[in-house]
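J.: here is my input; please provide its structure:
(one chain, ligands or ions: 2)
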Amino acid sequence: MQSTVWLTDLSSRPGDSLLDKTGRLLRAAGLGDKIGRGDLTAVKLHFGEKGNTAYVRPVYLRKVVEEIAAAGGKPFLTDTNTLYVGGRSNAADHLRTAITNGFAFAVVDAPVVIADGVRGESAVRVPVEGRIFREVSIGAEIANADALVAVTHFKGHELSGFGGVIKNLGMGCASRAGKLAQHSTVSPFVDPASCTGCGTCVAHCPSGAISVVSATALIDPKECIGCADCIVVCPEHTVKIDWNEAAPMVQKKMVEHALGVLAGKRDSALFLTFVTQLSPFCDCYGSSDRPIAPDVGILASDDPVALDQACADLAISAAGRDPFRATHPSIDWTVQLSYGEELGLGSRKYVLETL
Ligand code: SF4
Ligand code: SF4
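T.: Ligands and ions are numbered 1, 2, ... in the order given. This is a model prediction of the structure:
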């Protein structure tokens, strides 16, 4: 079955700005049917790491907020804390980074809520019928929301070729434990060279997996439940992740987490993707390199697989070659699409409706 993907290009004129066109796009894609009166609506986006400049501009989020409110919903902007230690690895730093990057209430007209709590401990385990997972760990405030609008910046990515809506859902809505489960098959480990033996990780570990022996922390993999708390509480940043999962498997795990995010929300979720400023790497980087393809436009759909497929097709057409393969030659980005189709996340076949 074919899904509908809506597209608006980037042409505009006085009286019909790109913000106006974004509003029309959301309405055409059926936002009004997705949002019920009073629905707490999670607007999932990436606020950008400090120094990044390619993320979706806050004024577009203000428009999304306005449209959700007009449809009767109560929107809040949200993202989850990162697995790595950086400017978004706890809620305090994350909120500060979001505001620094322009997502202040005065601009976006909605509160920002970090979905998985102060340290990433606030998660809900959602059952899925995956081939790898039977349940996945999702940021609680996304799982608890009535409706979901995912706003995605389409760009290159070193593990998935491109980062689109499937990644924004699967990786971006996962709790820290969910992210660790996608990136690694083994427990975190301590670098003894910089461990001071302070015991902070021991106090935070929920499963008693860490002990300090001769002033150095040791993690017992048999006891570790993979919550990833020790990675961010260590003041020396000496708890490391073995990023050992292979790229195709990371993409499949992303798909299974995306299924968990959309559990119970298939009729109350819509996806808006900006195929603009296609940077070669994720917005988790503290910089944005020159684009790998010309700007394409803004797209919307309620099918995440069809939307990512359409974005990739249009980017390839605009670039005259596959910019994702050219940038990340070893990565087969089709895995997330074919696996998503196989597991019922959506369809790779689509009809493009242009506004
Ligand atoms: S918190 Fe970090 S420095 Fe302190 S004992 Fe644990 S690993 Fe070592
Ligand atoms: S990942 Fe969680 S359970 Fe495992 S050692 Fe670290 S704090 Fe403990």
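J.: mind listing the helices for this protein?
T.: With DSSP state H as the criterion, the chain has helices at 18-28, 31-34, 58-70, 91-100, 105-108, 140-143, 165-170, 176-183, 200-204, 229-233, 247-262, 304-319, 323-327, 334-342.
J.: between those, which one is closest to ligand 2.
T.: Put simply, out of the helices of the chain the one that sits nearest ligand 2 is helix 229-233, at 3.3 Å, with distance taken as Cβ to the nearest ligand atom. Every C-beta, even on glycine, is put in place using the N, C-alpha and C of the backbone.
J.: lowest average confidence, helix or strand, in this structure?
T.: Least confident element among the helices and strands of the chain, by mean pLDDT, DSSP states H and E: helix 229-233 (a mean of 90).
J.: if we look at it, which residues are touching it?
T.: With contact meaning Cβ atoms under 8 Å, 6 or more residues apart in numbering, helix 229-233 is reached by 81, 83-85, 89-90, 119-121, 176, 180, 188, 200-201, 204-206, 210, 219, 239-241.
J.: now do stretch 83-97
T.: Identification of contacts with stretch 83-97 by Cβ under 8 Å, 6+ apart yields 47-50, 79, 81-82, 112, 114, 117-120, 176, 179-180, 183, 228, 231-232, 237, 241, 284, 286.
J.: ok, of the residues you listed, which come out buried?
T.: When burial is judged by neighbour count using 16 or more other Cβ atoms under 10 Å, the buried members of these are 47-49, 79, 81-82, 112, 114, 117, 119-120, 176, 179-180, 183, 228, 231-232, 241, 284.
J.: identify the residues contacting Thr80.
T.: With Cβ under 8 Å, 6+ apart as the criterion, the residues that contact Thr80 are 114-116, 120, 139, 142, 172-176, 179.
J.: grab the nearest non-local neighbour of it.
T.: If the residues on either side of it in the chain are set aside, Thr80 comes closest to Gly139, at 4.2 Å by Cβ to Cβ, 6 or more residues apart in numbering.
J.: pLDDT of stretch 259-279, averaged?
T.: Stretch 259-279 shows a mean pLDDT of 97 in the predicted model.
J.: distance to Leu31 and pLDDT added to the contacts of Thr80, as TSV?
T.: As requested, the contacts of Thr80 are arranged in TSV below (distance: Cβ to Cβ, whole Å; pLDDT from 0 to 100):
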residue	distance to Leu31	pLDDT
Ile114	24	98
Ala115	21	98
Asp116	26	96
Gly120	30	90
Gly139	22	98
Ile142	18	98
Gly172	20	97
Cys173	19	98
Ala174	25	97
Ser175	27	96
Arg176	30	92
Lys179	29	93
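J.: near ligand 2, which of the buried ones among the contacts of stretch 83-97 show up?
T.: Judged by Cβ under 6 Å from any ligand atom, the overlap between those and the neighbourhood of ligand 2 comprises Ala228.
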